[in-house]
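In: Provided below are the primary sequence and the corresponding predicted coordinates.
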Amino acid sequence: MRLLADENFHGDIVRGLLRVEPKLDLLRVQDTEVYQASDADVLAYAAVENRILLTHDVQTLTRYAYERVREGLAMPGVIEVAHDIAIGQAIEEILIVVLTSTPEQLSNQIIYIPLQ
């Protein structure tokens, strides 16, 4: 599973994910050419790179994700993590989603964490 952490995604969650699952293919937006780009451009990059986007941005990013789906554009998936979730819980629930799903199952989906 290929992941992309949004620009403002909590660094402690990224570090915790890699500590628990060091083989995760996890890239940070800050380390790409779309650093400081618009949400639409970040989603387009995620689609080209076939990376599921980790974000805290429920305000605008999810809107762009749904627009991509409506327009028939590739959208490998978004995992929307609440700002106020405990770091350990966020790590655990992201790993549940990532390790129990296939990229095809997450394609065109937005998964909200905490899981309901």
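Out: Alright, I've got the coordinates. Treat the numbers as computed from the prediction; the structure is a model and nothing was measured.

In: contacts and neighbour counts: CA atoms only from here.
Out: Noted.

In: Please give me every residue in contact with residue 55.
Out: If you count contacts by C-alpha atoms under 8 Å, 6 or more residues apart in numbering, residue 55 has them with 5-6, 8-9, 78-81.

In: Quick check: bridge partners of it?
Out: Note on residue 55: beta-bridge partners residue 80, judged by DSSP bridges.

In: Out of the contacts of residue 55, which comes closest to residue 109?
Out: residue 78 (6.4 Å; C-alpha to C-alpha).

In: what's the burial count for that closest one?
Out: For residue 78, the count of nearby residues is 25 (other C-alpha atoms under 10 Å).

In: which residues sit in contact with it?
Out: With C-alpha under 8 Å, 6+ apart, residue 78 has these contacts: 52-55, 62, 65, 106, 109-111.

In: Have a look at this structure and report its longest helix.
Out: helix 87-100 (DSSP state H).

In: Using neighbour counts, pick out the buried residues of stretch 86-104.
Out: The neighbour-count check on stretch 86-104 (16 or more other C-alpha atoms under 10 Å) flags 87, 90-95, 98 as buried.

In: Would you format those residues as JSON lines with pLDDT and distance to residue 29 included?
Out: Conversion of the buried residues of stretch 86-104 to JSON lines gives the following (pLDDT from 0 to 100; distance: C-alpha to C-alpha, whole Å):
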{"residue": "87", "pLDDT": "97", "distance to residue 29": "20"}
{"residue": "90", "pLDDT": "98", "distance to residue 29": "19"}
{"residue": "91", "pLDDT": "98", "distance to residue 29": "18"}
{"residue": "92", "pLDDT": "97", "distance to residue 29": "22"}
{"residue": "93", "pLDDT": "98", "distance to residue 29": "21"}
{"residue": "94", "pLDDT": "98", "distance to residue 29": "18"}
{"residue": "95", "pLDDT": "97", "distance to residue 29": "19"}
{"residue": "98", "pLDDT": "96", "distance to residue 29": "19"}
